[in-house]
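Chemist: sequence below, structure please.
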Amino acid sequence: MNRVLIKNAKIVNEGVIFEGDVLIENDLIVEVSESISAKSSQCLIIDAEGNYLMPGAIDDQVHFREPGLTHKGDIESESRAAVAGGITSYIEQPNTVPNAVTQAILEEKYQLAAEKSYANYSFMMGATNDNLEEVLKTNPKNVAGIKIFLGSSTGNMLVDNEATLEKIFSSTPMLIAVHCEDEATIRNNLEKYKAEFGEDIPITAHHLIRSEEACYISSSKAVALAKKTGARLHVFHLSTAKEMNLFTNKIPLEDKKITAEVCIHHLWFTNDDYATKGNLIKWNPAVKTANDRKVLWEALLDDRIDVIATDHAPHTLEEKKQSYLKAPSGGPLVQHAIPAIFEAYHQGKISIEKIVEKMCHNPAKIFKIEKRGFIREGYYADLVIVNSALPWSVKKENIFAKCGWSPFEGFTFKSRITHTFVNGQLVYNNFKVKEIRAGKRMLFDR
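Modeler: Below is the predicted model:
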């Protein structure tokens, strides 16, 4: 039997922090108490020494690049980076190659993860203009949801047929997650900047091309369609102040039909950072202004925004070093998301209880994930120990993502993840990932 006792932890769970111990047997939490004795010499005892013990983070939006784009990243490499960052479960997106737009291709990704993943996994089914029949076959018990790209981020996965959209929204009982940017607005903006700069558009124009208006037109349309059809809508990676008017904090999360996510990079960077970071912070939707960032923080803290995620989407440094028009959008983030959000805690912007709510509890509630996201007896032992006073610097040699770079390179974080458990297995300990692929397929209570 695998038995682990974590002692003397500041346990962060369901809005409170309390000193205590947690006993793990096999893959489950079996006891949470002020003091637990080992009861057996066969028990691994870890003294948390007053560090924070939180549920493993659940990242509801990642791109791990397998199959088809594995020179950028793969399930093995990126799930290693995830557990090193305290992310014990992830939901991966369908724009791999081939796109996961049939049940057969979707299931192949699950088979790959079953062999390779260090963290728990689910994969979204992708929608296109002509695969409604396949979408409706998706099993709500073992697939996280349906993903629709309402912007040009992924070429042939763009869903822009109004009738198709309405059919998907009105006919699936599953959660629909959307990428919202208006294609026509982006194209018009791009042509304007091409007329001015030719092929040498500067990266500093990115947030003006993929503009506030492009985001708002698309997200407001998605919200209106969800209200019309009664669909369960989750809006990914919001980036503008204007969009915050579309979401409410007037009802409990459990009763919301329309939920919202913000990503680490939109909470951290602004368009002023393009001057130094260049294409390394080129994302879709774009990092926008300081005011946008300020209002995103306000909405996160007052519960109009429900989830913090990463949109981890690695590309090689060579790809990123191309000109603005050629450089792809996206970057690696899973390893540094929790340390980055803990910086905001140190700055007095957010409490640790709120971090856990937005990164652990709420993704579990929104997706109705079975027995994960909380420190509760009978739940899977997905747990993370964080030392909030152990500085470390991001360097090439301690980056786990296959692409080998990070937008945080050179930054010194004040907080460090010391231990990560996935299903009761200690998979990460102080900069070392153990060769234990402990991840399981997530199941959903619906």
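
Chemist: who's in contact with the helix ranked longest in the chain?
Modeler: The longest helix of the chain (DSSP state H) is helix 212-229. Contact partners of helix 212-229, identified using CB atoms under 8 Å, 6 or more residues apart in numbering, comprise 150-151, 165-166, 169-170, 176, 178, 180-182, 185-186, 189, 231-233, 235, 238-243, 246, 257-258, 285, 288, 292. Yep, even glycine has a C-beta here, placed from its N, CA and C like the rest.

Chemist: my guess is Thr172 contacts Glu166. True?
Modeler: No. In this structure, Thr172 is not within contact of Glu166 by CB atoms under 8 Å, at 11.7 Å.

Chemist: who has more neighbours, these two?
Modeler: The residue with more neighbours, out of Thr172 and Glu166, is Thr172; 21 against 14, by other CB atoms under 10 Å.

Chemist: just give me the neighbour total for Glu162.
Modeler: Neighbours of Glu162 under the rule other CB under 10 Å: 10.

Chemist: so which helix or strand takes in the closest residue to Ile58 other than its chain neighbours?
Modeler: Nearest residue to Ile58 in three dimensions, chain neighbours excluded: Pro363, at 3.8 Å (CB to CB, 6 or more residues apart in numbering). Secondary structure assignment for Pro363, by DSSP states H and E: helix 362-367.

Chemist: which elements pack onto that helix?
Modeler: strand 57-62, strand 87-92, strand 307-309 (3 or more CB pairs under 8 Å, 6 or more residues apart in numbering; DSSP states H and E).

Chemist: for these, which one sits closest to Ile17?
Modeler: Smallest distance to Ile17 across the helices and strands packed on helix 362-367 (CB to CB): 16.8 Å, for strand 57-62.

Chemist: C-terminal to that closest one, what's the next element?
Modeler: Going down the chain from strand 57-62, the next helix or strand is helix 75-84, by DSSP H and E.

Chemist: and the angle from that next one to strand 87-92?
Modeler: Interaxial angle of helix 75-84 relative to strand 87-92 (axes from the mean of the first three to the mean of the last three CA atoms, to 10 degrees): 140 degrees.

Chemist: ok, and what's touching the helix or strand that the longest helix of the chain is followed by?
Modeler: Sequence order places strand 233-235 as the next helix or strand after helix 212-229, per DSSP H and E. Residues outside strand 233-235 that contact it (CB under 8 Å, 6+ apart) are 60, 145, 169, 175-178, 180, 219, 222-223, 225-226, 243, 246-247, 257-261, 366.

Chemist: how far does strand 233-235 sit from the chain's center?
Modeler: Centroid displacement of strand 233-235 relative to its chain, using CA atoms, centre = their mean, to the nearest Å, is 14 Å.

Chemist: chain center to the helix or strand that comes right after it, what's the gap?
Modeler: As assigned by DSSP H and E, the chain's next helix or strand after strand 233-235 is strand 258-263. Chain-centre distance of strand 258-263: 11 Å, with CA atoms, centre = their mean.

Chemist: and strand 258-263, what does it pack onto?
Modeler: Checking 3+ CB pairs under 8 Å, 6+ apart, strand 258-263 ends up next to strand 57-62, helix 212-229, strand 233-235, helix 290-301, strand 307-309.

Chemist: report the rounded mean pLDDT for it.
Modeler: When pLDDT is averaged along strand 258-263, the result is 98.

Chemist: which other helices and strands contact whichever helix or strand comes after that strand?
Modeler: Remark: after strand 258-263, the chain's next helix or strand is helix 264-268, criterion DSSP H and E. For helix 264-268, the contact count by 3+ CB pairs under 8 Å, 6+ apart identifies helix 290-301, strand 307-309, helix 337-346 as packing neighbours.

Chemist: so can I have TSV of these showing mean neighbour count?
Modeler: Converted to TSV, the helices and strands packed on helix 264-268 look like this (neighbours: other CB atoms under 10 Å):
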stretch	mean neighbour count
helix 290-301	18
strand 307-309	27
helix 337-346	21
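
Chemist: in CSV: those, plus distance to Glu397 and mean pLDDT.
Modeler: Formatted as CSV, the helices and strands packed on helix 264-268 follow (distance: least, CB to CB, whole Å; pLDDT from 0 to 100):
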stretch, distance to Glu397, mean pLDDT
helix 290-301, 31, 98
strand 307-309, 27, 98
helix 337-346, 17, 98
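
Chemist: lowest-confidence helix or strand of the protein?
Modeler: Scoring the helices and strands of the chain by mean pLDDT, DSSP states H and E places helix 162-171 at the bottom, with a mean of 92.

Chemist: distance to Val97 added to the helices and strands packed on helix 264-268, as CSV?
Modeler: CSV is the format used below for those (distance: least, CB to CB, whole Å):
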stretch, distance to Val97
helix 290-301, 32
strand 307-309, 23
helix 337-346, 25
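
Chemist: out of the ones you listed, which gets nearest to Ala9?
Modeler: Each of the helices and strands packed on helix 264-268 has some distance to Ala9 by CB to CB; the shortest is helix 337-346, at 15.9 Å.

Chemist: need the contact partners of that closest one.
Modeler: Here helix 337-346 makes contact (CB under 8 Å, 6+ apart) with 57, 59, 85-87, 264, 267-268, 308, 310, 350-352, 355, 359, 384, 386, 388, 408, 413-417.

Chemist: ok, then the element right after that helix?
Modeler: Helix 337-346 is succeeded, C-terminally, by helix 352-356 (DSSP H and E).

Chemist: just to revisit the earlier point, redo the helices and strands packed on helix 362-367 as a markdown table? Include distance to Leu23.
Modeler: Shown next, in a markdown table, are the helices and strands packed on helix 362-367 (distance: least, CB to CB, whole Å):
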| stretch | distance to Leu23 |
| --- | --- |
| strand 57-62 | 22 |
| strand 87-92 | 18 |
| strand 307-309 | 29 |
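
Chemist: looking at these, which is nearest to Gly198?
Modeler: Proximity to Gly198 (CB to CB) singles out strand 57-62 among the helices and strands packed on helix 362-367, at 34.2 Å.
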